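1. no letters, just coordinates:
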């Protein structure tokens, strides 16, 4: 699976426990009718993948959905989900359907031909 959007937040690498478990979170805002702010975790050696990315950058992240079961001290079973990233790449912006590339000024108009000095000119200068 993948998530695509613009980076909103890149967290610092966090280290937990005696074994040095590492985690780093990134938030990506999707670009759709109802934008979603999706938090993705990168763990262990994958945390370094985020070093070359910046807030505002358009990215595509390959993800795995993870689910855990936990029984609390009262004996109640709880379930938790997480989104874990394993690859990230920059996405080049494509022009929107209505966008027209700019035309250089000298190519925007055809040169006027057959001008006569006596033709009326209504320009104010």
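-> Here it is on my side, so go on. Source: prediction; values computed, not measured. Numbering: from 1, shown residues only.
2. who's in contact with residue 46?
-> Residues near residue 46 by C-beta atoms under 8 Å, 6 or more residues apart in numbering: 85-86. For glycine as for every other residue, the C-beta is placed from the backbone atoms N, C-alpha and C.
3. cool, residue 28 as well?
-> 3-8, 37-38, 40, 59, 61.
4. could you find the closest non-adjacent residue to it?
-> residue 5 (4.1 Å; C-beta to C-beta, 6 or more residues apart in numbering).
5. bridging residues for the one you found?
-> Beta-bridge partners recorded for residue 5 (DSSP bridges): residue 59.
6. narrow the contacts of residue 28 to those that are buried.
-> 3, 5-7, 38, 40, 59, 61 (16 or more other C-beta atoms under 10 Å).
7. farthest pair in the residues you listed?
-> Pairwise distances across the buried ones among the contacts of residue 28 peak at 13.2 Å for 6 and 40 (criterion: C-beta to C-beta).
8. from residue 12, how far out is residue 42?
-> Separation of residue 42 from residue 12 (C-beta to C-beta, to the nearest Å): 12 Å.
9. after the helix or strand hosting residue 61 comes which helix or strand?
-> Per DSSP states H and E: residue 61 is located in strand 58-71. Using DSSP H and E, the helix or strand that directly follows strand 58-71 along the chain is strand 77-90.
10. which residues does residue 1 contact?
-> Contacts of residue 1 (C-beta under 8 Å, 6+ apart): 62-65.
11. show the buried residues in those.
-> Applying 16+ other C-beta under 10 Å to the contacts of residue 1 flags residue 63 as buried.
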